[in-house]
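Asks: predicted model follows, preceded by the sequence.
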Amino acid sequence: MAVVNPELPAALPGGRPRATDLRAVVNATFYLLRTSWQWRLLTREYPPRSTVYCCFSVWRTQGVRTRLQRELHRRARVVAGRAECPTVVIMDGQSVKTIERGGHRRSVQPT
């Protein structure tokens, strides 16, 4: 939780205190992303799906999810004995087929 807490937004000043444990919301989003289940199939051990979805969508727009992912990735690299930031990245893209001969194609004019 020490990694997750700094990345989560603080409660807004005033109003009621939070009734939902944010760690349970984070666990529910990890569970849904890992299992690729639908929101409506969220089990009862987690907060209501409407609460989890609301937090998920707000955190996505605020960039919380991205910051949390980057911090977890950084810490995993350090634990594995690697540098915090990778020096080389390999990307694999799908090949695009092209025509075999280059140049412009001439359109055929009917005579």
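Replies: Ah, there it is.
Asks: now what about the longest helix anywhere in the chain, what contacts it?
Replies: If you go by DSSP state H, the chain has its longest helix at helix 64-79. Contacts of helix 64-79 from elsewhere in the structure, counted by Cβ atoms under 8 Å, 6 or more residues apart in numbering, are 3-4, 7-9, 26, 29, 56, 58-59, 83-86. (Each C-beta comes from the backbone N, C-alpha and C, glycine too.)
Asks: ok, now with 6 Å
Replies: 3, 7, 59, 84 (Cβ atoms under 6 Å, 6 or more residues apart in numbering).
Asks: contacting residues for the last one?
Replies: Residues in contact with residue 84, defined by Cβ under 6 Å, 6+ apart, are 74, 77-78.
Asks: what mean pLDDT does the longest helix of the chain get?
Replies: Averaged over helix 64-79, pLDDT sits at 87.
Asks: what's the offset of that helix from the middle of its chain?
Replies: For helix 64-79, the gap between its own C-alpha mean and the chain's C-alpha mean amounts to 11 Å (Cα atoms, centre = their mean, to the nearest Å).
Asks: can you pull the buried residues of that helix?
Replies: Across helix 64-79, burial judged by 16 or more other Cβ atoms under 10 Å covers 64-65, 68.
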